[in-house]
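**Q** When you get a sec, could you give me coordinates for this:
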Amino acid sequence: MTQEMQAFEFSGFEGCAKARGLFWYLASDNMNQWDRFPKAHSYKWTVGPDDGCEGLQELNREKMLQDMVQQGGWLLLGDSITEGQFFSLSCILYPHVIATPTGFDFDRDTPENLFLNPQSPLIEHMFIPDDFDIEKTPLVTFRRGDLLMTKEELE
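**A** Presented below is the predicted three-dimensional model:
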């Protein structure tokens with residue numbers, strides 16, 4: 001690997017909706033560790049009877065998005081592990097979602113959201129319920145659970 005952006009090629013992502021910490025999450029922010037690529041991203045998640053996952057299907061991001069629009073979004077409440085899962089969703093669902101807040105200057109206890117991207121070509125093929133507002137209805141919201149309480153409440 002010779003540049004941070006190559007992490008997308010190795011991970012199989014087109015991009016990621018969440019920009020904050022982008023290269024840290026992709027593990028490409030440290031040049032001294034670039035020799036780990038592409039091996040660091042060479043695994044393939046598989047599902048099926050041979051993997052002990054009878055009845056599960058391969059991930060279909062279009063179907064996932066449709067389910068989120070029609071049946072309601074997800075609330076991810078947790079710690080840094082959950083934050084990593086939120087980031088991964090922002091990459092898996094990219095470019096069909098946009099992330100908010102968009103800048104890098106916000107408190108870690110600010111809710112982060114993924115919204116349906118109004119420019120997504122999937123919209124013309126989707127059934128969108130009357131009460132779904134593309135600008136106001138998040139598909140996924142992430143909140144840091146450890147930041148919802150004061151230090152005293154946690155002790």
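**Q** all contacts plus neighbour counts: C-alpha atoms, from now on.
**A** OK.
**Q** Which of the three states applies to residue 62?
**A** The assignment at residue 62 comes out as helix when based on DSSP: H, G, I helix; E, B strand; the rest coil.
**Q** got it, and residue 87?
**A** Per three-state DSSP, residue 87 ends up helix.
**Q** so it makes contact with residue 25?
**A** Yes: Residue 87 is within contact range of residue 25, at 7.5 Å (criterion: C-alpha atoms under 8 Å).
**Q** more crowded one of these two?
**A** residue 87 (23 against 14; other C-alpha atoms under 10 Å).
**Q** Tell me the secondary structure at the nearest residue to the more buried one once chain neighbours are set aside.
**A** Closest residue to residue 87 apart from its sequence neighbours, by C-alpha to C-alpha, 6 or more residues apart in numbering: residue 18 at 6.3 Å. Following three-state DSSP, we place residue 18 in the coil state.
**Q** how about the helix or strand encompassing residue 68: buried residues?
**A** Here residue 68, judged by DSSP states H and E, is contained in helix 61-71. Going by neighbour count (16 or more other C-alpha atoms under 10 Å), the buried part of helix 61-71 is 65-66, 68-69.
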